[in-house]
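**Student:** Structure for this input, please:
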Amino acid sequence: MIKDGKISKIGKNISAGNATVIDGTGKHLTAGIIDEHSHIATVAVNEAGQNSSAEVTLEDVIDPDNIQIYRSLSGGVTTVQVLHGSANPIGGRSALIKLKWGETANGLLYKGNDKFIKFALGENVKQSNWGSAQTIRFPQTRMGVEDVYLDYFQRAKEYDELKKSGKPYRKDLEMETLAEILNKERFITCHSYVQSEINMLMKVAEKFNFTVNTFTHILEGYKVADKMKEHGAGGSTFSDWWAYKYEVNDAIPYNAAIMHNIGVNVAINSDDAEMNRRLNQEAAKTIKYGGISEEDAWNFVTINPAKLLHIDTKVGSIKIGKDADVVLWSDSPLSVYSKAEKTIIEGVVYFDIDKDLELRKDVQKERNKLINLMLNEKNSGGDVQSPKRRTQMQFHCDTVLDY
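**Tutor:** Residues are numbered from 1 along each chain as shown. Next comes the predicted model:
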């Protein structure tokens, strides 16, 4: 039973006055899917002009009209973390949103939750693949990336000590944000690939007495899973993406299973608008590659990312008192044949497969009507112009343009 946006009761023979009854006979009900690493619903993704952009936030550039919100709902996704890209070692602050299609930008944002920031390692931050023009900005090597962190966190430590001393200080948004990390008030999601850099950032974090919350992508996580567990870091990874650039050469599809078996909290993320709406199938791949149980595989896209984002008391499982973010599937959600029939957020149906089919018919009728109006205008000698196509950009970690 869902009441006032929360899961009110769980059991058989529940009755409640004027409640709307949905027949789920033969179907599967799950918690909504949570994507720890996404770039949908934004109008910009990388502030790439310097090696730290901790002063910017994705919360300021959320696009509530982005069609990927609706398409994600059709795949059973209810929550995403919208991350800054990986153009610089210290990226911008992230935005955590619920996919309430039709809401305002502010209406999508989680309220009162812990805050996160994107860090990055590897080829992108040293600009390996950006062309010969990108050879000016520091860092240009992996050892330079480490120095960026050491320098900025030392400055942030000194800034925070001065601020707490009560003496006059000049407010600096970058230092404020990094001081939040030192004070365990903001948490890092770090784009990462190779084991040497993963080890490096954990050592930097331990030097300044904080923990890297999540290594995302983490395709060599299987090599350092024991060290990640000891450090306390989680891993949010792809199921089977690899070989799309040099530093991904050692990626294997057993990565998630190996990290999970060592004891790391593991999630499967998308980083891609198209993959985002089939994360149920991405989770299922871990059953094939590593022998993960069905329950644990499903946890990779529900309660595990909820834990990584510190929202597991609100979402991620079906439990009395949690937000009513649930999905009704036509079949087992781990099946390639299963479809999300209804996606519900806080008790409101934001996607209904039957209504979607009706809307498609309405759109086609309107399209035909507009075409006929244009043809009539042309045939009657009116002024005409060639049609122009307008498409929304699909952002990835390394996109350095905006709208």
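
**Student:** any weak-confidence spans in this structure?
**Tutor:** Residue ranges of the chain with pLDDT under 70: 132-134, 402-403.

**Student:** count of residues packed around residue 57?
**Tutor:** For residue 57, the tally of surrounding residues (other C-beta atoms under 10 Å) stands at 18. C-beta: built from backbone N, CA, C; applies to glycine.

**Student:** show me the contacts for it.
**Tutor:** 92-95 (C-beta atoms under 8 Å, 6 or more residues apart in numbering).

**Student:** hmm, try it at 6 Å
**Tutor:** 92-93 (C-beta atoms under 6 Å, 6 or more residues apart in numbering).

**Student:** For residue 198, list the residues it contacts.
**Tutor:** Contacts of residue 198 by C-beta under 6 Å, 6+ apart are 192, 215, 224.

**Student:** In terms of helices and strands, where is it?
**Tutor:** Element membership of residue 198 [criterion: DSSP states H and E] is helix 195-207.

**Student:** Alpha carbons of that helix, as CSV, please.
**Tutor:** C-alpha atoms of helix 195-207 as CSV (Å, rounded to 0.1, in the frame of the first residue of the first chain):
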residue,chain,number,x,y,z
GLN,A,195,45.1,0.5,-10.4
SER,A,196,48.1,2.8,-9.9
GLU,A,197,45.9,5.9,-9.8
ILE,A,198,43.2,4.3,-7.7
ASN,A,199,45.9,3.5,-5.1
MET,A,200,47.2,7.0,-5.4
LEU,A,201,44.0,8.8,-4.6
MET,A,202,43.3,6.5,-1.7
LYS,A,203,46.7,7.4,-0.3
VAL,A,204,46.1,11.1,-0.8
ALA,A,205,42.7,10.8,0.9
GLU,A,206,44.3,9.0,3.9
LYS,A,207,47.0,11.6,4.1
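
**Student:** following that helix, which helix or strand shows up next?
**Tutor:** Going down the chain from helix 195-207, the next helix or strand is strand 214-217, by DSSP H and E.

**Student:** that older thread, ok, of the contacts of residue 198, which one's closest to residue 271?
**Tutor:** Ranked by distance to residue 271 (C-beta to C-beta), the contacts of residue 198 are led by residue 192 at 12.5 Å.

**Student:** just checking, the closest one touches residue 215?
**Tutor:** Yes: taking C-beta atoms under 6 Å as the definition, residue 192 is a contact partner of residue 215 at 4.7 Å.

**Student:** hey, C-alpha coordinates of stretch 11-21 in CSV?
**Tutor:** What follows is stretch 11-21, C-alpha atoms only, in CSV (Å, rounded to 0.1, in the frame of the first residue of the first chain):
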residue,chain,number,x,y,z
GLY,A,11,1.4,-7.9,2.9
LYS,A,12,-1.7,-9.8,1.7
ASN,A,13,-5.4,-8.7,1.9
ILE,A,14,-4.6,-5.1,2.5
SER,A,15,-7.6,-2.8,2.3
ALA,A,16,-7.8,0.9,2.2
GLY,A,17,-11.1,2.7,1.4
ASN,A,18,-10.8,4.5,-1.9
ALA,A,19,-7.4,3.2,-2.9
THR,A,20,-6.6,2.8,-6.6
VAL,A,21,-6.0,-1.0,-7.1
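
**Student:** who touches that stretch?
**Tutor:** With C-beta under 6 Å, 6+ apart as the test, stretch 11-21 has contacts from residue 1.

**Student:** Reduced to three states, what does the nearest residue to residue 163 once chain neighbours are set aside come out as?
**Tutor:** Using C-beta to C-beta, 6 or more residues apart in numbering and skipping the chain neighbours, the partner closest in space to residue 163 is residue 169 (5.3 Å). Taken by DSSP: H, G, I helix; E, B strand; the rest coil, the conformation at residue 169 corresponds to coil.

**Student:** gap between residue 169 and residue 225?
**Tutor:** According to C-beta to C-beta, to the nearest Å, residue 169 and residue 225 sit 41 Å apart.

**Student:** How about residue 130?
**Tutor:** Residue 130 is 31 Å from residue 225, by C-beta to C-beta.

**Student:** Residue 36 now?
**Tutor:** From residue 36 across to residue 225, the span is 17 Å (C-beta to C-beta).

**Student:** Of these two, which one has the most company?
**Tutor:** Neighbours per residue (other C-beta under 10 Å) separate residue 36 from residue 225, with residue 36 holding more: 30 against 22.

**Student:** SS state for that one?
**Tutor:** Classification of residue 36 using three-state DSSP returns strand.

**Student:** quick one, what contacts it?
**Tutor:** Residue 36 neighbours (C-beta under 6 Å, 6+ apart): 81, 236, 267, 269, 305, 308.
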